[in-house]
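Peer 1: 3D, please:
(chains A and B)
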Amino acid sequence: MSTVTTTAPATRPAASAAAETRRRGTKRERPSTVGWLAAGVWLVVVAVPLYFLITTSLRAQSEYLLSGPVSAPTDLTLDSYSLVLHSGFWGYLRNTAVVTVATVVLVLALALPAAYAIVRSRSRFVRRMFSLVLLGLAIPAQATIIPLYLIVTKLHLYDSLTAIVLPSAAFSIPLAVLVLTSAMRDVPNELYEAMAVDGGSPVRAFVTLAIPLSRGGITTIAIYTAMGAWNGFLFPLVFTQSENVRVLTLGLWRYQTQYGVNVPAICAAVTLSLLPLLALYLLGRRQLLSGLTAGFGK
Amino acid sequence: MALPSSRTGRPGPLWAVPALAFFALFALLPMLIVVGLSFTRWSGIDQPQFTGFDNWAHLADDAQLLPSFRLTVVLTLASWVLQTAVALPLGVWAAAPGRPRAVLAAIWFVPLLMSSAAIAILWGLLLDPNFGLASVLGPLVGVDDGNFIGNPDLALWVCIAVIAWQFVPFHVLLYQGATRRIPETLYEAARLDGASKLQRFRAVTVPQLRNTIVTSSVLMLVGSLTYFEIILILTGGGPGTATRVLPLHMYLEGFSSFDMGYASVIAVLLLVLGTGLSIFVTRVTGYARMDSQTEGM
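Peer 2: Numbers count the residues shown, from 1 in each chain, chains lettered A, B, ... in the order given. Coordinates of the predicted model:
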């Protein structure tokens, strides 16, 4: 809740104040050239690779190799896209979607009751657990990859999508609990009390009060977890090997090796992998960005 | 109702157990197991064999250990300095109102949507000395063959730059949000005192962003272990071992040399370093107490 609601209203006073300054016409406040220059430089740094990515994906391979990376693209073609789409892309996309949805559902299913208990329970055990989970924010997931590999093989999960989902979800729990706890703290205590007086069970308070009133926090965590799972690389790399469970990020790597000097095809694959998130970004930029800084923006 | 303390309308501790159990199994238990594995010989396929302190003794004659550690330190510090130096001013700049700024910022944030794999592959193409942009730009900046990645002196710095490209947008976002929450009255007061733009930046903006600078720095320092995915795809640790940072050294020892026992030793070092660093940084900076400082603003 915190990040989602605080950012939006906070811009308004700043904007109106700036408008006020403009009205008063303080002449010495010229737009800073240095600022715009620096901003422009970074725009070039970000935009040139993206421009290269999109235009190259639309060029023919022979044309790219002959005229080089900076020439203006002529004779645009979608051949590279159809090549990628016919070499397993849909399967990779499906696997990534399955991993993403499963991870988000699992994280919310586990973290929501936990956050509710932390906010509402009086037990000391729960408070201890909260500090333990917060410690989890500090654990570098990469350093646990070898024992996780052992656990995954012992559970006979190696080379399955489940093997990716379980550890991805586990390492998303600390932040999820943190953000959901602070969202549920914003629910006024009187509402819970009123419900308890009416004889409502904790389950009912959880379903009818805690969850609906912490929607903002839930959205934030869903976005954050989904992006982590969607873009994950190390867990899929270590826990899977077969073509039928390959996720998009590993698929990209495979395309890179497979296509070699077919630069347009590799660019088309990278572009395609970016499209779903880009579409979301265009639809709901504010939600997506606030979801990304979940828990850090406060 | 089977759940305890339902009479009071409060949830019992059982509500927290599934999350805790799951987290313990997949995040805490591995930390114990990896210590155990560091005393075994294991290829990853057979059963782990107990070998006592053999792996730990091997630390002393691993000629790659110190260079990898040094590379990790350079990577972490250089990334921290570079990303902060770029993200802080850009974030402050992007916080001001106005449509052009909003449009520019919207483009800046696009790398946030890309996976490490996508970014590493894209930059691999751009930096290709034969067909990439590097073949064109290299001669202009004194690298005549355009081979930035293949040069042991440059490869690490290329990685640092690509990593900055990936992570700067996130920190710009943090600084932008924090700058917008600075009370306008502070600027009014500074303006009345006749403070110039630069003076206001130094006297109002930077002190007010103190907490965000700490947050962003903690995330950069602690998060630097995750940078290795990009390096793995971009250079694979090469040329030679020029970019073989510690997490990559662990990964390659384990999953490429199939010496999981020794890789576990490095993993233990990484766990101690990573967890220790984040606890140290949060304590020193008072990051853990920060909530109380931002309240009341």
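
Peer 1: make it CA atoms for all contacts and neighbour counts henceforth
Peer 2: Fine.

Peer 1: and for the residue of the stretch 101-250 of chain A found nearest chain B, the neighbour number?
Peer 2: Closest to chain B within the stretch 101-250 of chain A is A:Ala114: 4.0 Å, counting by Cα to the nearest Cα. By other Cα atoms under 10 Å in any protein chain shown, 30 other residues sit near A:Ala114.

Peer 1: now do the strands in chain B.
Peer 2: Secondary structure of chain B (DSSP state E): strands located at B:40-41, B:49-50.

Peer 1: give me whichever of these is most buried.
Peer 2: Highest mean neighbour count among the strands of chain B (mean count of other Cα atoms under 10 Å in any protein chain shown): strand B:40-41, with a mean of 22.

Peer 1: run me through the strand neighbours of it, direction for each.
Peer 2: strand B:49-50 (antiparallel) (DSSP bridges).

Peer 1: could you pull out the helices for the stretch 1-150 of chain A?
Peer 2: Listed from the start of the chain, the stretch 1-150 of chain A has helices (DSSP state H, counting those that start in this stretch) covering A:2-24, A:33-57, A:61-67, A:79-85, A:89-120, A:124-135, A:145-154.

Peer 1: and the helices in the stretch 51-200 of chain B?
Peer 2: Counting by DSSP H, counting those that start in this stretch, the stretch 51-200 of chain B has these helices, from start to end: B:54-58, B:65-95, B:99-108, B:116-126, B:134-137, B:155-180, B:184-192, B:197-200.

Peer 1: got the strands of chain B as CSV, with mean pLDDT columns?
Peer 2: Below are those laid out as CSV (pLDDT from 0 to 100):
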stretch, mean pLDDT
strand B:40-41, 92
strand B:49-50, 90
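
Peer 1: will you turn the ones you listed into CSV that also has distance to B:Ala134?
Peer 2: Shown next, in CSV, are those (distance: least, Cα to Cα, whole Å):
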stretch, distance to B:Ala134
strand B:40-41, 44
strand B:49-50, 48
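
Peer 1: out of those, nearest to B:Arg244?
Peer 2: Closest approach to B:Arg244 among those (Cα to Cα): strand B:40-41, 22.9 Å.

Peer 1: taking the stretch 1-150 of chain B, what residue is nearest to chain A?
Peer 2: Counting by Cα to the nearest Cα, the stretch 1-150 of chain B gets nearest chain A through B:Ala16, at 4.0 Å.

Peer 1: give me the neighbour count for that residue.
Peer 2: 24.

Peer 1: check contacts around it.
Peer 2: B:Ala16 makes contact with A:Pro113, A:Ala114, A:Ala115, A:Ala117, A:Ile118, A:Val126, according to Cα atoms under 8 Å, 6 or more residues apart in numbering or on different chains.

Peer 1: state the pLDDT value of it.
Peer 2: For B:Ala16, the pLDDT comes out at 85.

Peer 1: B:Phe258 versus that one, what's the distance?
Peer 2: Using Cα to Cα, to the nearest Å, one obtains 38 Å as the distance from B:Ala16 to B:Phe258.

Peer 1: can you check B:Arg180 too?
Peer 2: Taking Cα to Cα, one finds B:Arg180 at 51 Å from B:Phe258.

Peer 1: comparing the two, which residue is more hemmed in?
Peer 2: It is B:Arg180, of B:Arg180 and B:Phe258, that has more neighbours when counted by other Cα under 10 Å, with 24 against 17.

Peer 1: the more buried one touches B:Ala95, doesn't it?
Peer 2: Yes: at 5.7 Å, B:Arg180 and B:Ala95 qualify as touching, with contact defined as Cα atoms under 8 Å.

Peer 1: who in the stretch 101-250 of chain B is up against chain A?
Peer 2: Proximity of the stretch 101-250 of chain B to chain A, by Cα under 8 Å from any Cα of the partner chain, involves residues B:104, B:107-108, B:110-111, B:113-118, B:121-123, B:125-126, B:131-133, B:136, B:165, B:170, B:173-174, B:177-178, B:180-181, B:184, B:215, B:222-223, B:225-226, B:229, B:233, B:247.

Peer 1: list buried residues within those residues.
Peer 2: For these, a burial check counting by 16 or more other Cα atoms under 10 Å in any protein chain shown picks out B:108, B:110-111, B:113-118, B:121-123, B:125-126, B:131-133, B:136, B:165, B:170, B:173-174, B:177-178, B:180-181, B:215, B:222, B:225-226, B:229, B:233, B:247.

Peer 1: picking up where we left off before, so which of the strands of chain B comes closest to A:Leu178?
Peer 2: strand B:40-41 (36.7 Å).

Peer 1: what about that closest one, distance to the chain center?
Peer 2: 31 Å (Cα atoms, centre = their mean, to the nearest Å).

Peer 1: neighbouring contacts of it?
Peer 2: Identification of contacts with strand B:40-41 by Cα under 8 Å, 6+ apart yields B:Pro48, B:Gln49, B:Phe50, B:Thr51, B:Gly52, B:Asn55, B:Asp259, B:Met260, B:Gly261, B:Tyr262.

Peer 1: which one of those residues is nearest to A:Leu161?
Peer 2: Of these, the one sitting nearest to A:Leu161 (Cα to Cα) turns out to be B:Met260, at 23.1 Å.

Peer 1: could you find the closest non-adjacent residue to that closest one?
Peer 2: In this structure, B:Met260 finds its nearest non-sequential neighbour in B:Gly254, 4.4 Å apart by Cα to Cα, 6 or more residues apart in numbering or on different chains.

Peer 1: tell me if I'm right that the one you found and B:Ala267 touch.
Peer 2: No: under the criterion of Cα under 8 Å, B:Gly254 is not in contact with B:Ala267, lying 9.9 Å apart.

Peer 1: where do the contact lists of the two overlap?
Peer 2: Counting by Cα under 8 Å, 6+ apart, nothing touches both B:Gly254 and B:Ala267.

Peer 1: quick one: mean pLDDT over stretch A:257-273.
Peer 2: Mean predicted confidence for stretch A:257-273 is 90.

Peer 1: that stretch and chain B in contact?
Peer 2: Yes: contact of stretch A:257-273 with chain B (Cα under 8 Å from any Cα) involves A:Val263, A:Cys267, A:Val270, A:Ser273.

Peer 1: re the thing from before, can you put the helices of the stretch 1-150 of chain A in TSV and add mean pLDDT?
Peer 2: Output for those, formatted as TSV (pLDDT from 0 to 100):
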stretch	mean pLDDT
helix A:2-24	43
helix A:33-57	91
helix A:61-67	80
helix A:79-85	90
helix A:89-120	94
helix A:124-135	80
helix A:145-154	94
